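Participant: Take a look and give me a structure for this.
(one chain, ligands or ions: 1)
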Amino acid sequence: MASAHARTGVVTAEAAKRAAPDVDAHVHVDRLHHVFGRGAAARTVLGSVDFTVARGEHVSVVGPSGSGKTTVLRCVAGLLTPTSGQVRLDGAPVAGPPESLAVVFQDYSRSLLPWLTVRSNVALPLRGKGIPAPHRRERAAEALAAVGLKDSLHQYPWQLSGGMQQRVAIARALAYRPEVLLMDEPFASVDAQTRSDLEDLVLRLKRVYAMTVIAVTHDIDEAVYLSDRVVVLSGHPAEVVESVPIDLGADRDQLTTKSDPRFARLRARVLRAVRH
Ligand SMILES: Nc1ncnc2c1ncn2[C@@H]1O[C@H](COP(=O)(O)OP(=O)(O)OP(=O)(O)O)[C@@H](O)[C@H]1O
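Facilitator: Residues are numbered from 1 along each chain as shown. The predicted structure follows:
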């Protein structure tokens, strides 16, 4: 059957975009549609969520509570198969947890093993990569130094503060050397001061490790402060209502950046889109 634009001879910009995959995209979230449950209990959470993330870009996904942000992230991580649509990584469909991807979750206390030292916790996922033990220990120590925990290698997670435990979780992801780092509300369980320290840590690490980052957050200030772009999801069923480029440059700091009038304008724009 001929398509509408073939019949009319007119190719709309939208149709052209859909027909030609974004070759520059590192991650392509392509028309994700997801329904939880069946029959009378079926609930469409994702309508059609579409966005791309370039290599090395930091994109935050924001939206009303329950809009489906974590659901999108789980699809990107290969932990959930969408009802339709797909996620592509470097053009290849994601059909399970990709090796080049690591996730930092909000609940560090549940993701660290209390009976292993900090270094062993960080080194553990590297076993699956077939890296020999001495190299695993070396990589773990290096990642822990990068997050400011070089003196805590031999401690246990329960001997550390919440902020330090979350640094361990970040170090574990870094030691894995992922090409794509996913973060789901990674700083939601820590106090405000620790949160801003961790935000600055992520900014520093972004420069050193040059990863592609997709982060889900409720905190619009944090999304604007950390990101190159903020993707705003609507409420049910979720769609992308706006994709806001954050042109604040690479050098950012809590005081100067957050008091910059451009920061206030971007924050207001994202907030308006969330409340839309
Ligand atoms: N496994 C599941 N089975 C059924 N419904 C689910 C499941 N996981 C999530 N949901 C529902 O899907 C909707 C979106 O959930 P999701 O956690 O993706 O939203 P969110 O935007 O991340 O939420 P929040 O901002 O509150 O963290 C919610 O209504 C939730 O109850």
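
Participant: Please list the residues of the stretch 101-250 of the chain that sit near the ligand.
Facilitator: By the rule CB under 6 Å from any ligand atom, the part of the stretch 101-250 of the chain lying against the ligand is His218. Any C-beta I mention is one placed from the backbone N, CA and C, and that applies to glycine too.

Participant: In the longest helix anywhere in the chain, which residues are buried?
Facilitator: In the chain, taking DSSP state H as the definition, the longest helix is helix 192-209. Neighbour-count burial for helix 192-209 flags Thr194, Arg195, Ser196, Asp197, Leu198, Glu199, Leu201, Val202, Leu203, Leu205, Lys206, Tyr209 (criterion: 16 or more other CB atoms under 10 Å).

Participant: Double-check the fourth one against Gly163; I have them as touching.
Facilitator: Yes: here Asp197 lies in contact with Gly163, judged by CB atoms under 8 Å, at a distance of 6.8 Å.

Participant: what number of residues lie near the residue nearest to Leu201 when sequence neighbours are not counted?
Facilitator: Residue nearest to Leu201 in three dimensions, not counting chain neighbours: Val147, with 6.2 Å by CB to CB, 6 or more residues apart in numbering. For Val147, the number of neighbouring residues by other CB atoms under 10 Å comes to 24.

Participant: heads up, I number from 19, so please use that
Facilitator: Will do, 19 is the new start, and the previous item becomes Val165.

Participant: Quick check: Val165 touching Ala189?
Facilitator: Yes: between Val165 and Ala189 there is a contact under CB under 8 Å: 4.7 Å.

Participant: Would you map out the domains in the chain?
Facilitator: 49-118+196-293, 131-195 (the TED database).

Participant: got TSV for those, with distance to Ala43 and mean pLDDT too?
Facilitator: TSV is the format used below for these (distance: least, CB to CB, whole Å; pLDDT from 0 to 100):
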stretch	distance to Ala43	mean pLDDT
domain 49-118+196-293	4	92
domain 131-195	21	90
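
Participant: show me what contacts Met201?
Facilitator: Each residue near Met201 by CB atoms under 8 Å, 6 or more residues apart in numbering is listed here: Val121, Val122, Val220, Val231, Ile232, Ala233, Val234.

Participant: Distance of it relative to the ligand?
Facilitator: Applying CB to the nearest ligand atom, to the nearest Å, the value for Met201 to the ligand is 13 Å.

Participant: Just to be sure, that residue is in a strand?
Facilitator: Yes: if the criterion is DSSP: H, G, I helix; E, B strand; the rest coil, then Met201 is within a strand.

Participant: Show me where the stretch 19-168 of the chain has its helices.
Facilitator: For the stretch 19-168 of the chain, the helices defined by DSSP state H, counting those that start in this stretch occupy 22-26, 31-37, 87-94, 126-129, 136-141, 151-164.

Participant: Also the stretch 169-294 of the chain?
Facilitator: For the stretch 169-294 of the chain, the helices defined by DSSP H, counting those that start in this stretch occupy 180-193, 210-227, 238-244, 272-276, 279-293.

Participant: Pipe these into a markdown table and attach distance to Gly86 per row.
Facilitator: Below are these laid out as a markdown table (distance: least, CB to CB, whole Å):
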| stretch | distance to Gly86 |
| --- | --- |
| helix 180-193 | 23 |
| helix 210-227 | 23 |
| helix 238-244 | 16 |
| helix 272-276 | 28 |
| helix 279-293 | 13 |
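
Participant: Mind checking if stretch 281-294 is in reach of the ligand?
Facilitator: No: judged by CB under 6 Å from any ligand atom, stretch 281-294 stays clear of the ligand, getting no closer than 10.9 Å.

Participant: Would you mind listing the buried residues in that stretch?
Facilitator: Per 16+ other CB under 10 Å, stretch 281-294 contains these buried residues: Phe281, Leu284, Arg285, Arg287, Val288, Ala291, Val292.

Participant: Check stretch 136-149 too.
Facilitator: Within stretch 136-149, the residues that qualify as buried are Val136, Arg137, Ser138, Asn139, Val140, Ala141, Leu142, Pro143, Leu144, Ile149, counting by 16+ other CB under 10 Å.
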